[in-house]
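J.: Need coordinates for the following:
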Amino acid sequence: MFKKLSFFKKILLATLLVAISLFVSKTWLIQSVPVAEAKSAGNLLQRHDLTQEEKGTISLFKHNNPAVVYISTVKRIINPYTRDVREIPSGTGTGFIWDYQGHIITNYHVVRNNSTARVRLNNKKTYTARVIGRSKRHDIAVLKLDNIRNLPAPIQPGSSKNLQVGQQVYAIGNPFGLDHTLTTGIISALGRSISDRNIDMDDLIQTDAAINPGNSGGPLLDSAGRLIGMNVAIYSPSGVSAGIGFAIPVDKIKRVVPNLISNGRFVQPIVGINANDTANQLITHELGIKGVLVLEVIPNSPADRAGMIGSQLINGDLVLGDVIQKIDGQKVEDMNDFLNIIEKHKLNDKINISILRNGRHKMNLPVTLFMQ
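T.: Sure, this is the predicted structure:
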């Protein structure tokens with residue numbers, strides 16, 4: 001009986017040893033292989049310090065974000081039966097603080113012909129701003145906040161003169177009403193031209209930074225946080241960002257905005273001619289001549305004093321006037337070229353206009369500009 005019991009004890013002991021061995025080996029596998037992998041994964045998952053690029057982007061946003069505002073306009077609706085007046089939203093967009101005097105820049109199409117707009121600052125407070133200047137041609141408008149203390153610092157203007165395709169850009173705006181949204185991308189192209197909302201615009205910056213409805217009027221920044229453009233439009237069949245957005249170059253903004261603040265509209269020097277692109281297309285198609293056809297010369301204007309000739313009827317036949325082909329050596333192929341060159345000048349500037357007369361005689365006319 002003792003030997004039999006001893007045999008069972010041996011069996012029990014052997015079984016116990018096997019069980020302990022299996023448990024130890026399984027525990028070792030659990031604690032060694034997965035733990036080693038977990039340690040390796042932990043190294044990947046642990047958040048170390050931010051990269052210099054991330055730090056730069058965060059700093060750029062924190063510095064410039066307070067100067068970006070949300071703009072909304074309303075229109076009044078009169079109930080014809082009750083004569084009650086109520087206001088309904090008519091447009092929204094983005095703007096940014098231009099200076100310490102309370103001027104805010106946005107797109108013309110954000111405010112259109114409204115005399116006032118509502119501006120929500122970074123502190124979440126909403127104020128009423130006056131629209132003091134606008135230019136539909138440039139799609140730029142200036143608003144003015146009066147008697148607002150402690151405005152955020154304006155965004156520092158940079159330059160759009162030496163921009164390069166491929167450089168990093170940052171857009172801050174209010175897409176779909178989601179205020180203070182940052183998107184990033186690169187400059188995809190320069191010198192783009194578009195026709196949008198019956199406005200022909202050229203010399204635009206093209207970017208793949210996500211720009212959506214509501215971003216209009218927001219700043220486009222370079223990697224130093226300087227203003228290089230104002231977001232104005234997107235190209236998209238669906239109406240949302242498709243990787244092609246456009247911005248007005250800051251050099252044009254710096255040229256137009258002071259004019260709007262001073263005059264309420266864009267006042268530029270005049271040459272004193274009447275012309276249009278329909279006539280220009282006609283001479284290009286029929287005669288193979290590129291340029292701006294002078295239809296009429298305004299009496300006593302700079303063009304008149306310089307001896308420029310307009311189109312006229314002689315013995316029942318139409319005799320074409322001078323065709324402007326260059327201004328100060330810059331090619332002029334349509335009215336957009338013509339206006340873009342002229343608006344860069346000021347009162348009493350002297351320019352040299354190259355014309356083609358009678359379809360064959362090339363002449364240079366010195367012109368001294370008046371103001372409009």
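
J.: Going by C-alpha atoms from here, please, whenever you check contacts or count neighbours.
T.: Will do.

J.: Name the residues of whichever strand or helix holds residue 340 that are buried.
T.: Element membership for residue 340, per DSSP states H and E: helix 335-342. Across helix 335-342, burial judged by 16 or more other C-alpha atoms under 10 Å covers 335, 336, 337, 338, 341, 342.

J.: nearest to residue 176, of those?
T.: residue 336 (32.3 Å; C-alpha to C-alpha).

J.: if we can go back for a sec, any idea which helix or strand comes after the helix holding residue 340?
T.: With secondary structure assigned by DSSP H and E, helix 335-342 is succeeded by strand 350-357.

J.: Which positions within the strand or helix carrying residue 304 qualify as buried?
T.: Residue 304 is located in helix 302-306, with elements delineated by DSSP H and E. For helix 302-306, the neighbour count (16+ other C-alpha under 10 Å) marks 302, 303, 304, 305, 306 as buried.

J.: And it, how far out from the chain middle?
T.: 38 Å (C-alpha atoms, centre = their mean, to the nearest Å).

J.: what's next to it, contact-wise?
T.: Contacts to helix 302-306, defined as C-alpha atoms under 8 Å, 6 or more residues apart in numbering, come from residues 270, 271, 272, 273, 297, 298, 365, 366, 367, 368, 369, 370.

J.: what's the answer for stretch 217-230, then?
T.: Against stretch 217-230 from outside (C-alpha under 8 Å, 6+ apart): 57, 60, 64, 68, 93-96, 105-107, 110, 155-160, 167-174, 205, 216, 231-232, 247-251, 253.

J.: are any of the residues you listed buried, and which?
T.: Buried among the contacts of stretch 217-230 (16+ other C-alpha under 10 Å): 57, 60, 64, 68, 93-96, 105-107, 110, 155, 157-160, 168-174, 205, 216, 231-232, 247-251, 253.

J.: count of residues packed around residue 175?
T.: 23 (other C-alpha atoms under 10 Å).

J.: Provide a list of residues in contact with it.
T.: So residue 175 contacts 93, 181, 211, 212, 213, 214, 215 (C-alpha under 8 Å, 6+ apart).

J.: 7 Å - rerun?
T.: The contact partners of residue 175, taken as C-alpha atoms under 7 Å, 6 or more residues apart in numbering, are 212, 213, 214, 215.

J.: Same check on residue 111?
T.: Contacts of residue 111 by C-alpha under 7 Å, 6+ apart are residue 73.

J.: Next, it: phi, psi?
T.: Torsion angles at residue 111 (phi, psi; degrees, to the nearest 10) stand at phi -110, psi -20.

J.: picking that back up, what's the closest of the buried residues of helix 302-306 to residue 348?
T.: So of those, ranked by how close each gets to residue 348 (C-alpha to C-alpha), first place is residue 302, at 10.0 Å.

J.: roughly how far apart are the closest one and residue 60?
T.: The gap separating residue 302 from residue 60 is 48 Å, by C-alpha to C-alpha, to the nearest Å.

J.: same deal with residue 338?
T.: 38 Å.

J.: And what about residue 321, helix, strand or coil?
T.: Three-state call for residue 321 (DSSP: H, G, I helix; E, B strand; the rest coil): coil.

J.: Flag the shaky bits of the stretch 151-300 of the chain, pLDDT-wise.
T.: 196-199, 234-242 (pLDDT under 70).

J.: what about the helices in it?
T.: For the stretch 151-300 of the chain, applying DSSP state H, counting those that start in this stretch gives helices covering 250-263, 277-287.

J.: Out of those, which is the most enclosed?
T.: helix 250-263 (a mean of 18; mean count of other C-alpha atoms under 10 Å).

J.: The helix holding residue 340 vs helix 250-263, what angle?
T.: 70 degrees (axes from the mean of the first three to the mean of the last three C-alpha atoms, to 10 degrees).

J.: Sketch out the strands for the stretch 1-150 of the chain, chain order is fine.
T.: Here the stretch 1-150 of the chain has its strands, by DSSP state E, counting those that start in this stretch, at 68-78, 85-97, 103-106, 116-120, 126-135, 140-144.

J.: what residue ranges in the stretch 1-150 of the chain score low on pLDDT?
T.: Those would be 1-47, 75-77, 79-90, if you go by pLDDT under 70 across the stretch 1-150 of the chain.

J.: what about 90?
T.: 1-50, 73-92, 112-113, 122-124, 137, 147-150 (pLDDT under 90).

J.: any idea how far the residue most central in space within the chain is from residue 146?
T.: In the chain, the centroid-proximal residue (C-alpha atoms, centre = their mean) is residue 231; its distance is 1.4 Å. Using C-alpha to C-alpha, residue 231 is found at 25 Å from residue 146.

J.: Done for today, thanks.
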